[in-house]
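Undergrad: Here is the input, now give the coordinates:
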Amino acid sequence: MVQLRLGSCFCLALTCYEVIVVSLANGQPATPASLVAPSDLRIVKKDFGVILSWDSNITEEMEIYSVKYILKYKFDRTKEVIERVSEKKKMIRLNLHSGFHAKVKTQLFLKETDDIIKESQWAEFTYRAPPVYIQNLSCIIYNLFNLNCSWDIKTEAPEDAQYFFSFWHSSTEFQCQLYLTNAKLKNIGCHMKEVYFNPAYPIKLNITVRELYNSSKYHSYYKKFQPQRLEKLNPPINVSVSLESRSVKVNWKPPPTIGSAKRNCFIYQVKITDLEPTDVSEEEYVHPVYDPTKQYIFQVRARKTECVRNKIWSEWTEPIVINEDLSGALPVAHARTEAPGHTDAEHPPCQEEVAVAVWKLATPESYHSVGHQLGVGKATVGAVVMEVVHALNTMLLQRVIQVRDLEAAITGFTAMGFANCFRALNGTHIPIRTLDHSRGRYINCRSYHSMVLQAMVDSQGCFQNVYVG
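TA: Residues are numbered from 1 along each chain as shown. Here you go, the predicted model:
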């Protein structure tokens, strides 16, 4: 049995509709006769985007149903976003987009079910934001407390505009500490150091483009990140290599991180000589040794995967080399277990001899202590150190520093008040932008990316040697 009940009339755009609500004999409501599309789509600007809202045009007779809205919106040159929302509004983050096209429709459901009873036509809306003058914004957190951000300036940007960077985090506003500039002295990046990042709070970036000859005219762009998604981990720590039953076992520990440090948060890759990296979820890897005469070079890197979506790999650890006798491991070079027989000073020393010499020259340890740690006798250590130093003096010294008249050089500096000096040396750090895969190679003692410019002059101020690297 079907029961009919006449509903009330309502008007929209001078057209009256009569809604007839139909009830079945079992008490379930039947399909309403009509459902008008949402209307009066509008936006309210917010710092990080806009709030798009609309009127639903739902009548009292329709309130017996569950009401939801299908929202679709698309920025230029991006995929369309589709969402089902319960409220008559949606926050849309613009990021660096200059507007969007949206459309929304209403759906009616039987309560406590997912059965669609009726849906309306689409209502459409286009929003054009102020022009966006920057693109390719990217940020990275490294060494736990440092943040680097960079951006490109579009060709249509005003010539007299300058770009200013700041961000909010944990209820604190941070202004840029060091800007990176291009050839036109426009700010294209910012370096921040000694900032404590709380993983529970987002980083809210703000880049303001201000026209210098009209300070009242400016545009601000906003973007929000979770710190963990920007973090580039340091390489794994405490890496060790051991030999077990004709196989090589590599162990390590995860690096410190600003987020969760649970074991399942990390994924690792192990690279062995020229082989493709192997994905590893544990903190160890066992590699079978099929060729006992082969040299193996091991490196490990890490990133987060389970606790947070992060695609940034750390740098590789320093190479650990197992040489042909498989007797042990040492970073960069492995020391011999027997006294080296190479004594020809006309040829450069081999890697093992360099490792022994560098260890002794870089530490206050005795010959006996160095020899004990590297598996050689103390007499061998002494001989190797002298051999390496002699080779450096003989083969490299004249390529680096040349003094044609040492006495004249010293006299010139003595007259200036600097006794026993023949050259003046100084350097500076030039901030640079780096590629993602090589950022760790350019971190200086001041915790930002740079190239070193070093210059040497004589007492007349003439350059004698210049080095960049």
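Undergrad: okay, now the closest residue to Gly427 other than its chain neighbours: neighbour count?
TA: The shortest distance from Gly427 to any non-neighbouring residue, by CB to CB, 6 or more residues apart in numbering, is to Gln454 (3.8 Å). C-beta coordinates here come from the backbone N, C-alpha and C atoms, glycine included. The number of residues packed near Gln454 is 13, by other CB atoms under 10 Å.
Undergrad: could I get the strand or helix carrying Gln454 in CSV with only the CA atoms?
TA: For Gln454, the host element (DSSP states H and E) is strand 450-457. Written as CSV, here are the backbone C-alpha positions of strand 450-457 (Å, rounded to 0.1, in the frame of the first residue of the first chain):
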residue,chain,number,x,y,z
SER,A,450,77.7,26.9,0.6
MET,A,451,80.8,26.8,-1.5
VAL,A,452,84.1,27.8,0.0
LEU,A,453,86.1,30.6,-1.6
GLN,A,454,89.7,30.8,-0.3
ALA,A,455,92.3,33.3,-1.4
MET,A,456,95.9,33.9,-0.7
VAL,A,457,97.7,37.2,-1.2
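Undergrad: now it, how far from the chain's geometric center?
TA: Averaging C-alpha positions (CA atoms, centre = their mean, to the nearest Å) puts strand 450-457 28 Å from its chain's average.
Undergrad: still on that earlier bit, distance check, the residue nearest to Gly427 against Phe413.
TA: Relative to Phe413, Gln454 is positioned 19 Å away (CB to CB, to the nearest Å).
Undergrad: now swap in Glu156 and tell me
TA: For Glu156, the distance to Phe413 - CB to CB - is 55 Å.
Undergrad: residue nearest the centroid of the protein?
TA: Taking CA atoms, centre = their mean, the centroid of the chain lies closest to Ile140, which sits 3.3 Å from it.
Undergrad: On the three-state scheme, that residue is what?
TA: strand (DSSP: H, G, I helix; E, B strand; the rest coil).
Undergrad: mind checking how far the nearest residue in space to Asp458 that is not next to it in sequence is from Ala409?
TA: Leaving out its chain neighbours, the residue that sits closest to Asp458 by CB to CB, 6+ apart is Gln464, at 5.6 Å. Distance from Gln464 to Ala409, counting by CB to CB: 9 Å.
Undergrad: list residues touching both of these two?
TA: Arg423, Asp458 (CB atoms under 8 Å, 6 or more residues apart in numbering).
Undergrad: Show me the beta-bridge partners of the closest residue in space to Lys223 that isn't next to it in sequence.
TA: Once flanking residues are discounted, Lys223 sits nearest to Leu205: 4.7 Å by CB to CB, 6+ apart. Leu205 forms beta bridges with Phe167, Lys223, as assigned by DSSP bridges.
Undergrad: my read: Leu205 touches Phe167, true?
TA: Yes - in this structure, Leu205 is within contact of Phe167 by CB atoms under 8 Å, at 4.8 Å.
Undergrad: that older thread, what are the buried residues along the helix or strand harbouring the residue nearest to Asp458?
TA: Following DSSP H and E, one finds Gln464 within strand 463-468. Buried residues in strand 463-468, counted by 16 or more other CB atoms under 10 Å: Gln464.
Undergrad: Remind me what that strand packs against, helices and strands.
TA: strand 450-457 (3 or more CB pairs under 8 Å, 6 or more residues apart in numbering; DSSP states H and E).
Undergrad: Tell me who's in contact with the nearest residue to Asp115 once chain neighbours are set aside.
TA: Counting by CB to CB, 6+ apart, Asp115 lies nearest to Phe109, which is 6.3 Å off, once chain neighbours are set aside. Neighbouring residues of Phe109 by CB under 8 Å, 6+ apart: Tyr65, Ser66, Val67, Lys68, Asp115, Ile116, Ile117.
Undergrad: closest to Asp55 among those residues?
TA: Of all the contacts of Phe109, Val67 has the smallest distance to Asp55: 12.4 Å, by CB to CB.
Undergrad: So that closest one is in contact with Pro38, correct?
TA: No - counting by CB under 8 Å, Val67 does not reach Pro38; the two are 10.7 Å apart.
Undergrad: list the residues that contact both of these two?
TA: Common contacts of Val67 and Pro38, defined by CB under 8 Å, 6+ apart, comprise Ser56, Thr106.
Undergrad: For these two, work out which one has more neighbours and name it.
TA: Neighbours of Val67 and Pro38, each counted by other CB under 10 Å, are more numerous for Pro38; the result is 23 against 15.
Undergrad: where's the nearest residue to Arg93 once chain neighbours are set aside relative to Thr257, distance?
TA: Spatially, and ignoring its direct neighbours in sequence, Arg93 is nearest to Gly49 (4.0 Å; CB to CB, 6+ apart). Counting by CB to CB, the separation of Gly49 from Thr257 is 30 Å.
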